[in-house]
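Colleague: structure for the following, please:
(chains A and B)
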Amino acid sequence: MAESEVEASSPALASGTLERLRELRSRYPVARSAVLPALWVVQDELGYLPPWAEEVVAGELGLLPGDVAAVASFYSMYFSRQAGRHFVQVCQNVSCALRGADELLAGLREWLQVDEEGASPDGSFTVEGTVECLGACGGGPMMQVDRYSYEDLNLDSARAILERIREDGGGGAGA
Amino acid sequence: MGGAEPVPDGLVLTRYQGAPGLTTLDGYRKVGGYRGLARALEMGPEAIVAEVKASGLRGRGGAAFPTGTKWGFLPQGVFPRYLAVNADESEPGCFKDRVLIEEYPHQLLEGVLIAAFALQASHAFIYIRGEYRKQRELLEAVVREAYRAKLVGKRILGSDFGCEVVVHGGAGAYICGEETALLDSLEGRRGQPRLKPPFPAVKGLYGQPTVVNNVETLSNLPYIVTEGGAAYAALGTEASPGTRLFCVSGHVERPGTFEVPMGRTTFRDLLELAGGVWRGRRFKAMQPGGGSMQVLGPQHLDVPLDFKAVADAGSSLGAGALVVMDETTCMVEVSRRLVDFYRHESCGKCVPCREGTYFESQLMHRLEEGLASAEELASLADICAGMDGRCFCPLGDTATWFVMSAYRMFKEEFDAHVGAGHCPVRASVGAAA
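Modeller: Modelled structure (predicted):
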């Protein structure tokens, strides 16, 4: 991409986000350590991590854009494209599976009519079933929507929770 | 031990349960919080290390390495030193660190500060998994409050000791629970394990001496410092001192965490605390320790929660989980799920793990669907033999442990899947229902 095109679209992070990046950098003895927290702050603002934003992070931390991209692509919670407004993770590990997690995930996918990428047609939700154990095994089956856990679910209660979240609106994934 | 009820007097980690406002500094101080830190600052580093050694405390992250001994590996006179707190709890079946953070965050922070002082660490980094976002924000608030109260930062409680505490969020990678991968991630890299030696105690974060301790391990320190190492040890047995917060999940009536004395409690006691097997069904199998550990059967229910006794039974207490499976459970399906988990979480650094988990997964999917031949099933042992002990880090090794132990214990069930065209366990459960 030519310089001028970048200039033309001139995407930028909010000044508060940039301030946060600098504050994060100052917390660590070595600036590079702030990469993960910095990517979180950026993703909280944008909902995902476009290459231009990774370049901004690289610039702030004195790294090459490729360094940041290599880190971002390793971790499953950083998105390289715009996800649904709400990120729904349904744990499929053993403790949850023993209590009906497969049926819950299949039921939610059908109800939300998600596509192969897990996105619902209205852009409200992205449903992910391939997740680490979410560490709430005592409340299985469970799901995590953005930053909150919902435990001891069945399909009806999970649908009611997602309906409520959809009506309330809200920001990007993890917001 | 006759009764399965944990004695309130015998509690360490959850001794303040039910007290109001424990997540606030005031609430925690009301129950005596941070007295351990004040005491520690009076005792001095050597005396703290001696108490921790006397307590017999062993790492609660899974490896069970004696904590005091680990601390002793730091080379003399090399500074700065760092403490990394492993709050990357991701072991399937484990949710105790989550509970300790949600309910007793100041107790954890007090433990972190005691350890940092004992080690003379300039910084403590609490590495918390990305999925625990709400818990991360709670810890950040707790640390901010502690900074304002001069419990963290320069000249802690007016002493000469200073320590910065940073809460650091991961972003979804099971491998970062492995201590050297955690350090790479904390340095802002892909979280892949490092070659050992050198061990982190010698060359850890930024190449400096570093101790990595688990959340539960550190949460025990306020008690050990105030009550003494001997008092802590006496709660358990000589071989397995202290208490532990076990996570019981799966097919039980009341899943949850239970703090019980080590060595004097059995798996059956834990099962009873969780209300027994659900729906009046019969017990079939259990996985102690977490997703990495070997399956145990009904014949092991009376084994005590003692490191050696569980090892003799062929498994491990690992990270303190207990996943219970009732008579309707297909062991091939459970194995496939765990194998898939490891395939997904393999970091890709070494070939035996990256390729081995892929082959395991392919095979187990075919077996679960009743499509695998006897020759394919026979190759499972070969695949696992090519992995166990041959991987760069324990992730690949442990990716073989449950499936191989289940194959040995439930061989008939595995064999019945061969060429069946469907899952015979599910079919028979469906027919009985």
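Colleague: drop to CA atoms for contacts and neighbour counts, all remaining ones
Modeller: Will do.
Colleague: for the strand or helix carrying B:P352, buried residues please.
Modeller: Using DSSP states H and E, B:P352 sits within helix B:351-368. Using 16 or more other Cα atoms under 10 Å in any protein chain shown as the test for burial, helix B:351-368 gives B:352-361, B:363-368.
Colleague: over to stretch B:140-151?
Modeller: Buried-residue list, stretch B:140-151, by 16+ other Cα under 10 Å: B:140-147, B:151.
Colleague: and stretch A:27-46, how far apart are its ends?
Modeller: Stretch A:27-46 has an end-to-end distance of 23 Å (Cα to Cα, to the nearest Å).
Colleague: mind listing what's buried in it?
Modeller: Those would be A:27-28, A:31-46, for stretch A:27-46 by 16+ other Cα under 10 Å.
Colleague: among those, which lie within helices?
Modeller: A:27, A:35-46 (DSSP state H).
Colleague: so which of those residues are also by chain B?
Modeller: Counting by Cα under 8 Å from any Cα of the partner chain, A:27, A:35-37 from those sit close to chain B.
Colleague: adding pLDDT and distance to B:G297, write these out as TSV.
Modeller: As requested, these are exported to TSV (pLDDT from 0 to 100; distance: Cα to Cα, whole Å):
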residue	pLDDT	distance to B:G297
A:R27	96	49
A:V35	98	45
A:L36	98	42
A:P37	98	43
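Colleague: before we move on, the earlier item: the buried residues of stretch B:140-151 into TSV, with extra columns for distance to chain A and pLDDT?
Modeller: Putting the buried residues of stretch B:140-151 into TSV (distance: Cα to the nearest Cα, whole Å; pLDDT from 0 to 100) gives the following:
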residue	distance to chain A	pLDDT
B:E140	13	98
B:A141	15	98
B:V142	17	98
B:V143	13	98
B:R144	13	98
B:E145	17	98
B:A146	16	98
B:Y147	14	98
B:L151	17	98
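Colleague: now flag whichever of these is closest to B:V167.
Modeller: The closest of the buried residues of stretch B:140-151 to B:V167 turns out to be B:E140 (Cα to Cα; 6.1 Å).
Colleague: please produce a markdown table containing the buried residues of stretch B:140-151, extended by secondary structure.
Modeller: A markdown table is the format used below for the buried residues of stretch B:140-151 (DSSP: H, G, I helix; E, B strand; the rest coil):
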| residue | secondary structure |
| --- | --- |
| B:E140 | helix |
| B:A141 | helix |
| B:V142 | helix |
| B:V143 | helix |
| B:R144 | helix |
| B:E145 | helix |
| B:A146 | helix |
| B:Y147 | helix |
| B:L151 | coil |
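Colleague: out of those residues, the closest to B:G188 would be?
Modeller: Taking these together and measuring to B:G188 by Cα to Cα, the closest member is B:E140, at 19.4 Å.
Colleague: just for the chain, where's the confidence low?
Modeller: No chain was given, so I picked chain A. A:1-10, A:169-175 (pLDDT under 70).
Colleague: meant chain B actually
Modeller: Counting by pLDDT under 70, chain B shows low-confidence ranges at B:1-8, B:433.
Colleague: can you pull out the strands in it?
Modeller: In chain B, the strands defined using DSSP state E lie at B:82-87, B:123-128, B:164-169, B:210-214, B:243-250, B:256-261, B:283-288, B:321-326.
Colleague: could you see whether chain A lies near the last one?
Modeller: Yes - using Cα under 8 Å from any Cα, we find that strand B:321-326 touches chain A at B:323, B:325.
Colleague: taking strand B:256-261 as reference, get the angle to that strand.
Modeller: 120 degrees (axes from the mean of the first three to the mean of the last three Cα atoms, to 10 degrees).
Colleague: helices and strands around strand B:321-326, which ones?
Modeller: Under the contact criterion of 3 or more Cα pairs under 8 Å, 6 or more residues apart in numbering or on different chains; DSSP states H and E, strand B:321-326 touches strand B:243-250, strand B:283-288.
Colleague: how about a markdown table for the ones you listed, with mean neighbour count and distance to B:K203 added?
Modeller: Output for the helices and strands packed on strand B:321-326, formatted as a markdown table (neighbours: other Cα atoms under 10 Å in any protein chain shown; distance: least, Cα to Cα, whole Å):
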| stretch | mean neighbour count | distance to B:K203 |
| --- | --- | --- |
| strand B:243-250 | 28 | 30 |
| strand B:283-288 | 23 | 32 |
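Colleague: got the ones you listed as a markdown table, with distance to chain A columns?
Modeller: A markdown table is the format used below for the helices and strands packed on strand B:321-326 (distance: least, Cα to the nearest Cα, whole Å):
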| stretch | distance to chain A |
| --- | --- |
| strand B:243-250 | 5 |
| strand B:283-288 | 10 |
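Colleague: please name the residues that touch residue 36.
Modeller: This is for chain A. A:71-72, B:169-171, B:188 (Cα atoms under 8 Å, 6 or more residues apart in numbering or on different chains).
Colleague: actually it's chain B I care about, not the one you picked
Modeller: The contact partners of B:G36, taken as Cα under 8 Å, 6+ apart, are B:110, B:114, B:221-223, B:225-226.
Colleague: mind doing that once more with 7 Å?
Modeller: B:G36 is in contact with B:222, B:225-226, counting by Cα atoms under 7 Å, 6 or more residues apart in numbering or on different chains.
Colleague: for B:K53, same thing?
Modeller: B:K53 touches B:G68, counting by Cα under 7 Å, 6+ apart.
Colleague: let's verify A:S149: helix, strand, or coil?
Modeller: Going by three-state DSSP: A:S149 is strand.
Colleague: would you mind listing what in chain A touches chain B?
Modeller: Neighbours of chain B within chain A, by Cα under 7 Å from any Cα of the partner chain: A:32-37, A:71, A:74-78, A:93-96, A:98-99, A:132-138, A:147-148.
Colleague: for residue 140, which non-adjacent residue is closest in space?
Modeller: With no chain named, the answer covers chain A. A:C96 (4.3 Å; Cα to Cα, 6 or more residues apart in numbering or on different chains).
Colleague: not quite, I wanted chain B
Modeller: Using Cα to Cα, 6+ apart and skipping the chain neighbours, the partner closest in space to B:E140 is B:V167 (6.1 Å).
Colleague: how about the helices in chain A?
Modeller: A:3-9, A:15-27, A:35-46, A:51-61, A:65-74, A:94-97, A:101-112, A:155-168.
Colleague: buried ones in the fourth one?
Modeller: Residues of helix A:51-61 classed as buried: A:53-58, A:60-61 (neighbour count, 16+ other Cα under 10 Å).
Colleague: by contact count, what packs against it?
Modeller: Under the contact definition 3 or more Cα pairs under 7 Å, 6 or more residues apart in numbering or on different chains; DSSP states H and E, helix A:51-61 sits against helix A:65-74.
Colleague: if we go to 10 Å?
Modeller: helix A:15-27, helix A:35-46, helix A:65-74 (3 or more Cα pairs under 10 Å, 6 or more residues apart in numbering or on different chains; DSSP states H and E).
Colleague: again, but for the second one
Modeller: With contacts taken as 3+ Cα pairs under 10 Å, 6+ apart, helix A:15-27 sits against helix A:35-46, helix A:51-61, strand B:164-169.
Colleague: okay, the ones you listed in JSON lines with distance to A:A160 next?
Modeller: Shown next, in JSON lines, are these (distance: least, Cα to Cα, whole Å):
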{"stretch": "helix A:35-46", "distance to A:A160": "25"}
{"stretch": "helix A:51-61", "distance to A:A160": "35"}
{"stretch": "strand B:164-169", "distance to A:A160": "30"}
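Colleague: and these: which comes nearest B:F307?
Modeller: Of those, nearest to B:F307 by Cα to Cα is strand B:164-169, at 31.6 Å.
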